[in-house]
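1. Sequence first, predicted coordinates after that:
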Amino acid sequence: MSKRYHFVRYVAPVAFTLAMAVAANQTTMAQQPNQPAPVQPAAAPAQPAAPAPSAQPVPAQQPVSAIPASGEDKAKSAENPYGLKALWSGGDIVSRITLLILAIMSIGSWYVIVIKIIAQNRVAGAYKEVNRKKFWQQKNLQQSADVLSAQSAYRYITENGIEAAQHHKGALQDSIDLYSWVSMSLHRALDHIQGRLQSGLAFLGTVGSTAPFVGLFGTVWGIHHALSAISIAGQATLDKVAGPVGEALIMTAIGLATAVPAVLGYNFLVRRNKVVMDQARNFTADVQCVLIGGNPQGKNPATKESDAA
């Protein structure tokens, strides 16, 4: 009895007190459901950021300079100080006149060469036309002349021979026999053609013989300029004598470039003229034989004999 008494006396009140405390705690939690968790106090506000330094104005960028040209580009872009342009602009009146004379000689030489070659081709083509159009197979010389082109040199020879044979009789011409009169007329026509082919060859010969000396004169004049430059400068520096010496060499080169084509063209044309004129002389001799044989009017000699019988 004593133990149960002490337990009820001391332990029961303590257990009852604990049970009441637990019940009160549960009641409080039931009355405040979903209570948010306590919020931690906010952190202290951050210190204001330091003001950004003011932007300094950026100076404008200078344009990139062009890359300097290489030595080859400079050489291409720079004008030649010793060329024809420099010779004309830096030369005096004597140098310019000499250069003009050489230029006229060169242009004239090429003009004569081209024109004479064209004229020779025409005469050579007319000779081929004689054989192509069967000149000697016609009934008479007049018909033979008519089959040739109007500008043919061989038609010109034939018509001159026919006219001479038809108009032989006259007060002063009676003393000249028919053979001499026709021969003289045909040779005049032949000489006319030869004169047309040879015209201009004298100019080529003159240019070929004098152009080197004209160029030599320009050379001497350029050397004179070089010596004058040395005398003025007091020393023979390259920049002082290069221009006059270049002028002298250019004059020499132009003189040779003018003379060589003229000489070659002259020799070529003379040789070809000989071939063309030999063909024309052979044709003239054949026409002369036909005319002297009594066929200027185109009548067949056999027909004339039958008429006379």
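-> Perfect, thanks for sending it.

2. Figure out the helix or strand that F203 lives in.
-> Taking DSSP states H and E as the definition, F203 sits inside helix 201-233.

3. elements contacting that helix?
-> Using 3 or more CB pairs under 8 Å, 6 or more residues apart in numbering; DSSP states H and E as the contact definition, the elements that helix 201-233 packs against are helix 93-132, helix 238-292. (Each C-beta comes from the backbone N, C-alpha and C, glycine too.)

4. From M251, how far off is V263?
-> 19 Å (CB to CB, to the nearest Å).

5. right, I mislabeled it, should have said A119
-> In this structure, A119 lies at 33 Å from M251, with CB to CB as the measure.

6. Of the two, which one has the most company?
-> Taking A119 and M251 together and counting by other CB atoms under 10 Å, M251 has the greater number of neighbours (25 against 20).

7. tell me the contacts of that one?
-> S95, T98, L99, L102, G215, L216, F217, G218, T219, W221, G222 (CB atoms under 8 Å, 6 or more residues apart in numbering).

8. Export these as JSON lines, with columns for neighbour count, distance to V287 and pLDDT.
-> Shown next, in JSON lines, are those (neighbours: other CB atoms under 10 Å; distance: CB to CB, whole Å; pLDDT from 0 to 100):
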{"residue": "S95", "neighbour count": "21", "distance to V287": "57", "pLDDT": "80"}
{"residue": "T98", "neighbour count": "22", "distance to V287": "51", "pLDDT": "88"}
{"residue": "L99", "neighbour count": "21", "distance to V287": "51", "pLDDT": "88"}
{"residue": "L102", "neighbour count": "22", "distance to V287": "46", "pLDDT": "92"}
{"residue": "G215", "neighbour count": "26", "distance to V287": "48", "pLDDT": "90"}
{"residue": "L216", "neighbour count": "15", "distance to V287": "51", "pLDDT": "90"}
{"residue": "F217", "neighbour count": "16", "distance to V287": "51", "pLDDT": "89"}
{"residue": "G218", "neighbour count": "28", "distance to V287": "53", "pLDDT": "85"}
{"residue": "T219", "neighbour count": "20", "distance to V287": "55", "pLDDT": "85"}
{"residue": "W221", "neighbour count": "19", "distance to V287": "57", "pLDDT": "84"}
{"residue": "G222", "neighbour count": "24", "distance to V287": "59", "pLDDT": "79"}
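
9. so which of these would you say is closest to R196?
-> In terms of CB to CB, no member of those lies closer to R196 than L102, at 28.3 Å.

10. returning to what we had before: how about the helix holding F203: buried residues?
-> Neighbour counts using 16 or more other CB atoms under 10 Å place 201, 203-204, 207-208, 210-212, 214-215, 217-219, 221-222, 225-226, 229 of helix 201-233 among the buried residues.

11. Name the residues of the one helix or strand Q142 maps to that are buried.
-> Using DSSP H and E, Q142 maps to helix 141-146. By neighbour count with 16+ other CB under 10 Å, helix 141-146 contains the buried residues L141, S144, A145.
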